[in-house]
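Participant: quick one: sequence and predicted model below, then my questions.
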Amino acid sequence: MTDQTEVKYYKLEEIKLNNGANGAECWIIYKNKVYNVTSYVDEHPGGPELVTEWGGKDSTKAFDDAGHSSDARNMLKPFKIGELALEDRNVKKAKSPKSPDAQVRRSFISIVTCGLCG
């Protein structure tokens, strides 16, 4: 028998309230996962302000840009409390394929040179 735990989803509005300010817990989002890092804030090697700056927000880009090691990413695991609600995730939309009826714009030069080649 495997241990299956149900994932708890958090809305962005609730996460924003947990920004570490005025005694609130400090939650961050990293790659659509929600972490309660309140107990870790003061232990962060770069100082607590680097964590609280991202309290209640998506820290993915800042975390990755800081060049954190795989050890740092693994340190997040015990702080995971859930995931960002599906409707609040920033999903990149795929570009729709061009319709066959779409006009192709060519420069004057390409029209002239194609005419000369044929």
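Facilitator: Happy to help now that I have it.
Participant: quick check: D58 vs G23, distance?
Facilitator: Distance from D58 to G23, counting by C-beta to C-beta, to the nearest Å: 23 Å. C-beta here means a position set from N, CA and C on the backbone, and glycine is covered the same way.
Participant: again with W54
Facilitator: 18 Å.
Participant: which one of the two is surrounded by more residues?
Facilitator: Shown here are W54 and G23; by other C-beta atoms under 10 Å, W54 has more neighbours (21 against 5).
Participant: contacts only, for that one.
Facilitator: I28, A62, F63 (C-beta atoms under 8 Å, 6 or more residues apart in numbering).
Participant: filter those down to the ones in helices?
Facilitator: Members of these lying in helices (criterion: DSSP state H): A62, F63.
Participant: and of the contacts of W54, the nearest to G82?
Facilitator: I28 (12.2 Å; C-beta to C-beta).
Participant: for that closest one, give me the pLDDT.
Facilitator: I28 carries a pLDDT value of 97.
Participant: in the sheet, who's paired with it?
Facilitator: Counting by DSSP bridges, I28 forms beta bridges with Y35.
Participant: my guess is it meets S59, correct?
Facilitator: Yes - under the criterion of C-beta atoms under 8 Å, I28 makes contact with S59 at 4.5 Å.
Participant: these two: who's more crowded?
Facilitator: More crowded of I28 and S59, by other C-beta under 10 Å: I28, with 28 against 21.
Participant: separation between the more buried one and L17?
Facilitator: 13 Å.
Participant: joint contacts of those two?
Facilitator: What both I28 and L17 touch, as defined by C-beta under 8 Å, 6+ apart, is the set G56.
Participant: which parts of this protein are strands?
Facilitator: 9-10, 27-30, 33-36, 80-84 (DSSP state E).
Participant: got the contact list for K16?
Facilitator: G56, K57.
Participant: same question for A85.
Facilitator: By C-beta under 8 Å, 6+ apart, A85 lies in contact with Y9, Y10, K11, L12.
Participant: of these, closest to S69?
Facilitator: Y10 (26.6 Å).
Participant: quick check: bridge partners of the closest one?
Facilitator: The residues that Y10 bridges to, once DSSP bridges is applied, are L84.
Participant: alright, that wraps it up for me.
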